[in-house]
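K.L.:
fold the following for me, if possible:
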Amino acid sequence: MVTLRIGSYPAIFVCDHSLTHQVLVQKGDVFADRPSHVSTGKIDSNNKHTINSAGYRPTWRILQKNLTFEILNLSRVRSYSHARKWVLIILKEQLIKFRSNGELVRVVDHFRYAMFFLLALMCFGDKLDEK
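P.N.:
The predicted structure is shown next:
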């Protein structure tokens, strides 16, 4: 095992199969974590209580478990087919509207917009008004 400091963070390289198994499986919670945020990072990341910012500790495990077993579960995905169709219509209408105006279309913004509608419907059960 070799540790190199790259910037202010250590990079750990493990070259042995049994040591790799011990590091990643048996003691994974010791080695797996995210770098600490600067002070404004706590505001941006909801005090590290989102799946994108939580450390690989109990909070992250609960968020990951909920995402995997509740949202991404195959039966749950099938049950929201009507919502996906509705959001696809919204996405198509947005892209056509902006394309017809002759504007440059940033597709990522429209995907985020559509995903917001989908997640709001999945979480709260209500279709949002586009206004």
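
K.L.:
ok, and the closest non-adjacent residue to residue 118?
P.N.:
In space, and not counting its chain neighbours, residue 118 is closest to residue 87: 4.4 Å by Cβ to Cβ, 6 or more residues apart in numbering. No exception for glycine: its C-beta is placed from N, CA and C like everyone else's.

K.L.:
longest helix of the protein?
P.N.:
In the chain, assigned by DSSP state H, the helix with the most residues is helix 81-100.

K.L.:
just checking, what packs against the next helix or strand after that one?
P.N.:
The first helix or strand that comes after helix 81-100 along the chain, using DSSP states H and E, is helix 107-124. Packing contacts for helix 107-124, counted by 3 or more Cβ pairs under 8 Å, 6 or more residues apart in numbering; DSSP states H and E, involve helix 81-100.

K.L.:
angle of the helix it packs on against helix 107-124?
P.N.:
150 degrees (axes from the mean of the first three to the mean of the last three Cα atoms, to 10 degrees).

K.L.:
residues in contact with stretch 88-95?
P.N.:
Applying Cβ atoms under 8 Å, 6 or more residues apart in numbering, the external contacts of stretch 88-95 come out as 105, 107, 110, 111, 113, 114, 117, 130.

K.L.:
filter the residues you listed down to the buried ones.
P.N.:
110, 114, 117 (16 or more other Cβ atoms under 10 Å).

K.L.:
quick one: contacts for the second one?
P.N.:
If I follow you right, that is residue 114. With Cβ under 8 Å, 6+ apart, residue 114 has these contacts: 87, 88, 90, 91, 94.

K.L.:
of those residues - the most surrounded one?
P.N.:
Each of the contacts of residue 114 was scored by neighbour count (other Cβ atoms under 10 Å); the top score is that of residue 87, with 22 neighbours.

K.L.:
right, and it touches residue 119 too?
P.N.:
No. At 9.4 Å, residue 87 and residue 119 do not qualify as touching, with contact defined as Cβ atoms under 8 Å.
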